[in-house]
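**Q** build me a model:
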Amino acid sequence: MKEQSNGLFEVVLSSAAKFGQQPAVIAGEEKLTYQQLMASAGSLAAGLAELGVKRGDRVGLLLPNCPQFIVSYLATTALGAMAVPVHCQLSPVEAAYILNHAQAQTLISVAELDSLLSELHSRVAGLRNLLTSGQSAIEHATNLEQVISAHTNRPVRSDAAQFDDPAVLIYTSGTTGQPKGAVLSHRNLLANACSCRELIDVTSDDTFLAVLPLVHSFGATVCMILPLIAGAKIVLQPAFAPLSVLEALEKHQVTVFAGVPAMFAMLAKSRTSREYDLHSAPLPLEVLSSFQERYGTVLVEGYGPTEASPVVSVNPPAGLQKPGSVGLPIRGVKVRIVDDAGQDLPTGEVGEIIVAGENVMRGYWQDATATAEVIRDGWLYTGDLGKLDADGYLYIVDRKKDMIIIGGTNVYPRQVEDVIARMPQVAEVAVVGKPDPVRGERVRAVIVPAEGIKLSAEQVISHCRQHLAPFKVPRTVEFCESLPKSALGKVLKRELRGLG
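**A** A predicted model of the protein is given here:
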């Protein structure tokens, strides 16, 4: 992107100068124009500075998808401090781990989470400031709205944050172990958002539906930063529910809706009393085709890990789209497929996906060893397995750590999952390896049947035998009511392995 010295706050401030009276954020009946949004963020920044928050400090954001999250995020980064988003559904132990690891001294939250906040007060060492939106019953809490109103029109050094300074500390979902804090700079976030804006041609006329948690990299970059730098409108949804999402998409004439595969699968199979007009608005192929067929709108697939801010590749909306692929690398991002020795593999061969560009994180917070393991010679080793075709389109095969090895032969769980997902009786499926004394591992499928449907292991195995090589067919099929997931909706396969 164009070289500059200003951080995120200054960039969004320039949007407010152009689109001051246009709606920036809508949450239920609450609406904020760009001018109101930036006035609140500037006032909060002044208030945080008075509370002692300074450049380099970490500020926890324990907030749902609400205007206060966006205001707090912008205010924190304006001071050159680092926002540390924490998902509201985490347990006290999980939330405390993140805040302690980040050494956060300030936490911003909502009164509705008083019970969690009370526990965190005793679990988080060094927590000095607690700001809550609404009427909190916690004695030591400071009202967020009062801090903002008390600092109205007070100037804040919004240029305190420089382009290459850390802006946010986002903890990975921990699908393969303890969460690690990815340090993303203003450069990382803005470069990624600007490339995405260019690719999907976002303007101030667009409306985004933000149902993905803003505490995560995908939600923050694509559903918050991207629309803010373009002067677009953000419609906030606190949680995903198929009917409420469909209603919001239609009511607000949403033009951009970012989601994860599980969301689109639920929308494709949702039972509603009427059809919704959504023309303004890595997936299993069955989900891709069924969603597009039902709603008559195009799904654009993409890929990216938190450590890449996060977007790496996207199927070009205005170009050739290849179903099953996650598209071409976005501008400013390079992708290679390498073997275990880091050597490039030929076109079509499966290897580890590595990424380079302005979007790659600075490293893991206070973990030089883990950083050195994943960033080598400027390349981010994602731990994901994939391949490139002759046109440079990227295909995700699986997580490297999720790969199942049967008698020395690789089995990629996603391939098996895609086959099982084609069965109309299946709502969700996850495939993991199960130890086998003879062959090393065997394939184990854990399935959530569609509502009101009875499904047998024999039916699943019979279906798989028609579409998969014998060694890829699950030897074990289990059924459950729900799969264990992270806050972003990723299946926690480490928990499934433990259950097995």
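**Q** average pLDDT for the helix or strand Ala17 falls within?
**A** Using DSSP states H and E, Ala17 falls within helix 8-19. If you average the pLDDT over helix 8-19, you get 95.
**Q** not counting sequence-adjacent ones, nearest residue to Leu492?
**A** Pro484 (4.5 Å; CB to CB, 6 or more residues apart in numbering). In short, each C-beta sits where N, CA and C put it, glycine included.
**Q** residues contacting that neighbour?
**A** Contact partners of Pro484, counting by CB atoms under 8 Å, 6 or more residues apart in numbering, are Val491, Leu492, Glu495, Leu496, Leu499.
**Q** ok so, going back, which elements pack onto the helix holding Ala17?
**A** helix 34-50, helix 67-78, helix 186-200, helix 226-230 (3 or more CB pairs under 8 Å, 6 or more residues apart in numbering; DSSP states H and E).
**Q** so where is this protein shaky, pLDDT-wise?
**A** 1-5, 155-159, 173-178, 262, 271-288, 298, 407-408, 438, 487-488, 499-500 (pLDDT under 70).
**Q** what does the domain assignment say about this structure?
**A** 8-234, 302-400, 403-499 (automatic domain parsing).
**Q** tabulate those domains (a markdown table), appending distance to Val245.
**A** Converted to a markdown table, the domains of the chain look like this (distance: least, CB to CB, whole Å):
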| stretch | distance to Val245 |
| --- | --- |
| domain 8-234 | 6 |
| domain 302-400 | 19 |
| domain 403-499 | 13 |
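**Q** mind checking which of those is nearest Ala265?
**A** domain 403-499 (7.1 Å; CB to CB).
**Q** if we can go back for a sec, deepest of the domains of the chain, which one?
**A** Compared across these, domain 8-234 shows the largest average neighbour count, a mean of 20 (mean count of other CB atoms under 10 Å).
**Q** list the residues that contact the spatially most central residue of the chain.
**A** Closest residue to the average C-alpha location of the chain: Phe218 at 3.2 Å, with CA atoms, centre = their mean. The contact partners of Phe218, by CB under 8 Å, 6+ apart, come to Leu212, Ala258, Val260, Gly304, Pro310, Val311, Leu488.
**Q** need the max-distance pair from those residues.
**A** Val311 and Leu488 (14.6 Å).
**Q** Three-state assignment for Val245, please.
**A** helix (DSSP: H, G, I helix; E, B strand; the rest coil).
**Q** phi first, then psi, for the residue lying closest to it once chain neighbours are set aside.
**A** Of all residues not flanking Val245 in the chain, Val211 sits nearest, at 5.9 Å (CB to CB, 6+ apart). Backbone geometry at Val211, expressed as degrees, to the nearest 10, gives phi -110, psi -20.
**Q** same check, this time on Leu236
**A** Torsion angles, degrees, to the nearest 10, at Leu236: phi -90, psi 130.
**Q** one step back: looking at the helices and strands packed on helix 8-19, which is nearest to Gly20?
**A** helix 34-50 (4.0 Å).
**Q** what's the closest one packed up against?
**A** For helix 34-50, the packing partners by 3+ CB pairs under 8 Å, 6+ apart are helix 8-19, strand 23-27, helix 67-78, helix 144-150.
**Q** residues in contact with the next helix or strand after that helix?
**A** Using DSSP H and E, the helix or strand that follows helix 34-50 in sequence is strand 58-61. Identification of contacts with strand 58-61 by CB under 8 Å, 6+ apart yields 48, 53, 69, 72-73, 76, 81-86, 98-99, 102-109, 169, 215.
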